[in-house]
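Novice: Below: sequence and its predicted model.
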Amino acid sequence: MSMSGKLIVVEGADGAGKATQVKLLVDRFKAEGIAVETVEFPRYEESFFGAYIKEWLDEEHGNFIELDPRLSAILFAGDRYEIRDTITGWLAEGKHIIMDRYVTASMLHQGAKISDVEKRGAFLLWLQRLEYDVLKAARPDLVVYLDMPAEMRHALLTTDEFKPNLGHTETDELYQNAVQRCAEHVAALEKWKIVSCFMDGKLRSKDNINTELYGLIRPLLN
């Protein structure tokens with residue numbers, strides 16, 4: 001199937017503001033008359049696999065961080081597979097899609113479980129074969145990673161705004177630090193665009209960050 005729309009992924013650390021930035025982008029593009037859709041993963045309420053993922057994240061079946069990364073990745077891939085035809089249909093219609101996480105999230109959060117760089121590389125190849133070759137997920141045209149220093153991320157996630165809604169994967173500092181290290185590795189390997197959420201030691205405003213994101217994405221949209 002020929003694709004004329006573009007698939008853009010906004011990825012980033014927990015607490016980096018992915019959902020906020022995706023909403024700002026979608027609103028801005030729609031105001032310009034651009035046909036755009038959005039999907040947020042995981043889809044806990046909308047998919048069979050998403051509901052089961054939520055059970056794991058709620059620790060109903062054990063510690064999700066300790067689950068084999070390939071088994072975890074299959075669950076998330078299943079969630080994406082359930083909406084695959086909708087995504088490819090939008091792209092074929094010429095609609096652009098702004099994703100809040102995608103296959104990229106499994107690269108980071110499951111890749112983080114593998115400390116050996118060579119073994120992690122093998123996992124990343126396996127994951128992309130699973131998602132793109134076996135399950136035929138659409139490949140992204142651009143991935144933008146919202147980068148946030150580990151200490152700043154931890155400080156944000158422990159504020160009253162975030163703390164009541166956090167699960168064990170978000171509060172496990174060792175795991176989050178591993179995700180950060182994995183992100184640095186994968187972003188360089190996959191040539192993602194990096195947008196820093198901090199500048200001169202201060203958190204950038206959401207509008208300031210969005211202006212940079214817009215500048216990276218807008219030229220791709222016809």
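Specialist: Looks like it came in fine. Since we're looking at a predicted model, the values are computed, not measured.
Novice: List the contacts of the longest helix along the chain.
Specialist: If you go by DSSP state H, the chain has its longest helix at helix 173-190. Helix 173-190 has contacts (C-beta atoms under 8 Å, 6 or more residues apart in numbering) with 13-14, 65, 104, 107-109, 111-113, 115, 117, 120-121, 124, 143, 145, 147, 150, 153-154, 169-170, 192, 194. For every residue, glycine as well, the C-beta is placed using N, CA and C.
Novice: Please apply the same query to stretch 204-220.
Specialist: 6, 8, 10, 17, 20-21, 24-25, 28-29, 98, 141-142, 144, 146, 193, 195-198.
Novice: And stretch 119-135, by the same measure?
Specialist: By C-beta under 8 Å, 6+ apart, the list of residues contacting stretch 119-135 reads 69-70, 73-74, 77, 80-81, 84, 103, 106-107, 110-111, 114, 137, 139, 182, 185-186, 189.
Novice: Can I have the buried ones of those as a PyMOL selection?
Specialist: Selection of buried members from the contacts of stretch 119-135 for PyMOL, criterion 16 or more other C-beta atoms under 10 Å:
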select buried, resi 69+73+74+77+80+81+103+106+107+110+111+114+137+182+185+186
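Novice: So which of the contacts of stretch 119-135 belong to helices?
Specialist: 69-70, 73-74, 77, 80-81, 84, 103, 106-107, 182, 185-186, 189.
Novice: Would you mind checking which of the residues you listed is nearest to residue 94?
Specialist: Nearest to residue 94 out of these is residue 84 (C-beta to C-beta; 18.0 Å).
Novice: any idea how far residue 98 is from that closest one?
Specialist: Distance of residue 84 to residue 98, computed by C-beta to C-beta, to the nearest Å: 17 Å.
Novice: And the helices in this protein?
Specialist: Going by DSSP H, the chain shows helices at 18-31, 48-57, 69-82, 84-92, 103-109, 117-128, 150-157, 168-171, 173-190, 206-217.
Novice: thinking again about what came up before, in the longest helix of the chain, what counts as buried?
Specialist: Neighbour-count burial for helix 173-190 [16+ other C-beta under 10 Å]: 175-176, 178-180, 182-183, 185-187.
Novice: and that helix, C-alpha only, in CSV?
Specialist: Output in CSV follows, covering the C-alpha atoms of helix 173-190 (Å, rounded to 0.1, in the frame of the first residue of the first chain):
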residue,chain,number,x,y,z
GLU,A,173,14.9,5.0,39.8
LEU,A,174,17.4,2.4,38.8
TYR,A,175,15.1,1.3,36.0
GLN,A,176,14.5,4.9,34.9
ASN,A,177,18.2,5.6,34.8
ALA,A,178,18.7,2.4,32.7
VAL,A,179,16.0,3.7,30.3
GLN,A,180,17.9,7.0,30.1
ARG,A,181,21.2,5.3,29.2
CYS,A,182,19.4,3.1,26.7
ALA,A,183,17.8,6.2,25.1
GLU,A,184,21.2,7.8,24.6
HIS,A,185,22.4,4.6,22.8
VAL,A,186,19.3,4.1,20.7
ALA,A,187,18.8,7.8,19.7
ALA,A,188,22.3,7.9,18.3
LEU,A,189,22.0,4.5,16.6
GLU,A,190,18.7,5.3,15.0
